[in-house]
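Peer 1: Everything below, folded, please.
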Amino acid sequence: MLSGLLGLVGGCSDEQRAPLLPARPIVLAPTQTPVPVAGPAIDVVAPDVPAFQEAGDWALPHGGQRATRARDSEIQSSTVERLDVAWTMPIWGFGPYGYAAGAPVVVEETVYLQDLGSNLYAVDLESGELIWEAAGVAPVAGPNGPAVADGRVFASRGASTLSALDAGSGELLWTVGLEKDGFQPTVFGDAVLVGTGNFAHVPGNSGFLHAFDAATGEALWSFQVVEEGFWGDPTENSGGGVWYAPSIDPVRGLIYFGTGNAGPYPGTRFYPNATSRPGDNLYTSSIVALSAADGEVAWYHQVVPHGLFDHDFQLSPMLVTVATSEGERELTIGAGKAGRVVAVEADTGEVVWDTPVGIHQNDDLTELPLGALVEVYPGVYGGVETPMAFAGGLVFAPVVNAPTTHSATGHGAADGSSALVNASARTSLGGATGELVALDAATGAVVWTVEFDSPLFGGATAVGDLVFTGTYAGEIIAVRQADGVEVWRYQTGGGINSWPAVQGDTIVWAIGLGVPRLLALRLVAD
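Peer 2: This is a model prediction of the structure:
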């Protein structure tokens with residue numbers, strides 16, 4: 001989960017919190033960029049404008065119900081040299097992993113953002129002027145952020161609460177309790193949907209997906225990810241956090257979401273190799289489709305049965321249409337810390353393709369030798385940590401290559417929580433690298449790969465004919481969708497572990513490490 005990041009942050013004085021305007025972006029000619037690392041040969045026809053982008057405001061976490069993170073825009077490879085800082089605004093709320101880990105949203109001319117202190121901000125898109133601010137209840141680990149619909153802002157605000165506020169004034173409309181802190185919600189019809197975590201693998205804790213009435217906060221239904229009985233032992237087992245907002249298919253009446261891993265992992269000194277939880281451990285590390293009406297399971301696909309290595313399949317699945325020789329096909333495409341991108345049939349969950357990305361080492365082991373230390377890629381901060389994008393028939397996956405050293409007993413852990421801490425302590429981002437991988441959405445074939453010397457915790461966002469991503473070293477980078485050639489980059493001066501929203505010719509991005517702020521990039525006149 002993203003909240004596992006070891007943020008390289010510290011306390012800041014008021015002077016350090018002032019807005020920062022770094023140097024102008026760097027525009028790169030194609031000859032200045034490294035040649036992308038090619039995957040298997042495949043014919044790619046790149047249209048001038050990506051074949052599919054969701055329209056309207058960026059009011060939901062990934063731009064719209066289909067979670068494709070794609071927009072048409074005046075920002076193109078032919079204009080990106082004119083992209084520059086329009087404004088910045090300080091953000092103040094600090095959580096365990098920095099100041100921001102999630103997505104802003106934009107409705108008409110207002111940006112809505114939540115920091116890791118759970119504070120909410122409404123900001124004028126044109127000027128960056130603060131319109132209102134609402135204090136959070138308590139800091140959170142994230143990923144978090146708001147969703148907006150029907151004049152209401154919905155957000156998890158810490159201390160196990162979900163709230164609705166008036167979008168124009170920030171006035172509190174209602175608050176409901178959750179069993180644990182929630183993550184970034186989304187909205188479907190008259191319902192607001194929010195996931196919760198499993199509380200650091202404390203035994204007997206499961207992730208949930210909840211549906212509430214958007215107008216009143218009345219509970220509609222809840223889905224518990226971990227099967228009743230906790231696979232035989234609620235005093236040891238846990239899992240199934242719902243870290244990211246669901247995607248929505250209003251035609252099918254289905255919602256789709258990814259789930260976190262099972263715990264303890266890899267095991268404890270009493271139950272090495274997860275022997276406390278025999279079996280597949282449903283519904284962890286899965287894509288799950290539920291009926292939006294009542295929360296009943298329509299289908300599921302478990303990507304990592306009985307996982308040992310914190311390999312969540314946590315991302316919001318993307319709902320895409322691809323062209324095949326037999327006509328159009330509706331797919332649901334997900335990914336996660338397992339470092340695999342998986343496409344399934346939207347109606348049934350039947351697997352269409354399953355493609356590994358990034359470095360893989362020892363991650364296919366079903367048990368570890370007692371007394372041995374084993375290095376595993378992807379590690380607990382690795383794989384596809386943050387959201388993907390889809391445009392022009394291609395899937396864009398941001399990858400983190402960082403290993404973790406595991407043992408069968410979780411390094412002698414007493415329980416799932418201490419096993420989690422022990423794995424985190426044996427993972428370093430110091431030498432971690434990143435990759436941006438483009439895959440053919442119809443077949444799963446790798447079209448191109450671009451390698452980076454810093455992890456990609458900034459997600460992928462398709463804008464015009466470009467893909468934007470952000471690195472842990474603080475750079476925002478744009479590459480061409482067709483071939484991965486880098487054409488623009490910008491050093492923000494602070495590490496990035498969040499992802500942007502796009503509205504017209506403006507990109508808004510929260511910078512959560514270093515000097516925390518909301519950054520707006522906009523095309524300037526010739």
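Peer 1: Show me the strands in the stretch 101-250 of the chain, by range?
Peer 2: Counting by DSSP state E, counting those that start in this stretch, the stretch 101-250 of the chain has strands at residues 105-107, 110-114, 120-124, 130-134, 147-149, 152-156, 161-166, 172-177, 186-188, 191-195, 208-213, 219-224, 238-239, 247-249.
Peer 1: hang on, isn't residue 189 packed against residue 292?
Peer 2: Yes - with contacts counted by C-beta atoms under 8 Å, residue 189 reaches residue 292, the gap being 7.4 Å. For glycine as for every other residue, the C-beta is placed from the backbone atoms N, C-alpha and C.
Peer 1: Any stretches of the stretch 51-200 of the chain with poor pLDDT?
Peer 2: Low-confidence segments of the stretch 51-200 of the chain (pLDDT under 70): 51-55.
Peer 1: rerun at 50
Peer 2: 51-52 (pLDDT under 50).
Peer 1: what about residue 189 and residue 292, which has more around it?
Peer 2: Taking other C-beta atoms under 10 Å, residue 189 and residue 292 do not tie; residue 292 has more neighbours (23 against 12).
Peer 1: In this protein, what helix or strand scores lowest on average pLDDT?
Peer 2: Lowest by mean pLDDT, DSSP states H and E among the helices and strands of the chain is strand 37-38, with a mean of 36.
Peer 1: Could you check how far the helix or strand just after that one is from the centre of its chain?
Peer 2: Using DSSP states H and E, the helix or strand that follows strand 37-38 in sequence is strand 70-71. Centroid displacement of strand 70-71 relative to its chain, using C-alpha atoms, centre = their mean, to the nearest Å, is 16 Å.
Peer 1: Also stretch 437-454?
Peer 2: Its chain's C-alpha centre and that of stretch 437-454 lie 18 Å apart, by C-alpha atoms, centre = their mean.
Peer 1: give the contact list for residue 93.
Peer 2: Residues near residue 93 by C-beta atoms under 8 Å, 6 or more residues apart in numbering: 99, 115-119, 136, 139.
Peer 1: so which of the residues you listed would you say is closest to residue 316?
Peer 2: For those, the minimum distance to residue 316 (C-beta to C-beta) is 19.4 Å, reached by residue 116.
Peer 1: could you list every residue that touches that closest one?
Peer 2: Residue 116 makes contact with 93-101, 139-142, 144, 512, according to C-beta under 8 Å, 6+ apart.
Peer 1: between the contacts of residue 93, which has the most around it?
Peer 2: Highest neighbour count within the contacts of residue 93: residue 116, with 32 neighbours (other C-beta under 10 Å).
Peer 1: Could you report the separation of it from residue 516?
Peer 2: Separation of residue 116 from residue 516 (C-beta to C-beta, to the nearest Å) stands at 9 Å.
Peer 1: so what sits against both of the two?
Peer 2: Shared contacts of residue 116 and residue 516, defined by C-beta under 8 Å, 6+ apart, comprise 94, 98-100.
Peer 1: Return the closest of these with respect to residue 123.
Peer 2: Once C-beta to C-beta is applied, the member of those that ends up nearest residue 123 is residue 100, at 13.3 Å.
Peer 1: Now for residue 294, how many residues are close by?
Peer 2: That count, for residue 294 with other C-beta under 10 Å as the rule, works out to 10.
Peer 1: who's the closest residue in space to it that isn't next to it in sequence bridged to?
Peer 2: Once flanking residues are discounted, residue 294 sits nearest to residue 221: 5.7 Å by C-beta to C-beta, 6 or more residues apart in numbering. Using DSSP bridges, the bridge partners assigned to residue 221 are residue 211.
Peer 1: Am I right that residue 221 is in contact with residue 211?
Peer 2: Yes - the pair residue 221 / residue 211 is scored as a contact, 5.1 Å apart, by C-beta under 8 Å.
Peer 1: Name the residue in the two with the higher neighbour count.
Peer 2: Each of residue 221 and residue 211 has its neighbours counted (other C-beta under 10 Å); residue 211 has more, 24 against 17.
Peer 1: contacting residues around the more buried one?
Peer 2: Going by C-beta under 8 Å, 6+ apart, the list of residues near residue 211 reads 191-193, 219-222, 292, 295.
Peer 1: how close does residue 147 get to residue 139?
Peer 2: Note on residue 147: its distance to residue 139, by C-beta to C-beta, is 20 Å.
Peer 1: Equivalent analysis for residue 59, please.
Peer 2: Where residue 139 is concerned, residue 59 sits at a distance of 25 Å (C-beta to C-beta).
Peer 1: Next: residue 319.
Peer 2: Remark: distance between residue 319 and residue 139 (C-beta to C-beta) = 33 Å.
Peer 1: before we move on, the earlier item: return the member of the contacts of residue 93 nearest to residue 430.
Peer 2: residue 99 (21.5 Å).
Peer 1: For that closest one, give me its contacts.
Peer 2: Applying C-beta under 8 Å, 6+ apart, we find residue 99 in contact with 9, 91-93, 115-117, 510-513, 516.
Peer 1: and what of residue 119?
Peer 2: If you count contacts by C-beta under 8 Å, 6+ apart, residue 119 has them with 91-93, 133-136.
Peer 1: Show me just the buried residues among those.
Peer 2: 91-93, 134, 136 (16 or more other C-beta atoms under 10 Å).
Peer 1: So residue 450 sits against residue 484, correct?
Peer 2: Yes - contact criterion C-beta under 8 Å: residue 450 and residue 484 qualify, at 4.6 Å.
Peer 1: In terms of helix, strand or coil, where does residue 421 fall?
Peer 2: helix (DSSP: H, G, I helix; E, B strand; the rest coil).
Peer 1: Count the neighbours of it for me.
Peer 2: When neighbours are defined as other C-beta under 10 Å, residue 421 has 15 of them.
Peer 1: before we move on, the earlier item: which one of the shared contacts of residue 116 and residue 516 sits in the busiest neighbourhood?
Peer 2: Among these, the one with the most neighbours (other C-beta under 10 Å) is residue 100, at 33 neighbours.
Peer 1: Identify the spatial nearest neighbour of residue 138, chain neighbours not counted.
Peer 2: Distances taken as C-beta to C-beta, 6+ apart place residue 158 nearest to residue 138, at 3.3 Å, with adjacent residues excluded.
Peer 1: Flag the shaky bits of the stretch 401-526 of the chain, pLDDT-wise.
Peer 2: In the stretch 401-526 of the chain, no residues with pLDDT under 50.
Peer 1: ok, which stretches of it are strands?
Peer 2: Under DSSP E, counting those that start in this stretch, the stretch 401-526 of the chain gives strands at 404-406, 433-440, 446-452, 456-463, 466-471, 475-480, 486-491, 501-503, 506-511, 517-523.
Peer 1: Residues touching the first one, excluding its own?
Peer 2: By that I understand strand 404-406. So strand 404-406 is contacted by 266, 308-310, 368, 373-376, 379-382, 423, 426-427 (C-beta under 8 Å, 6+ apart).
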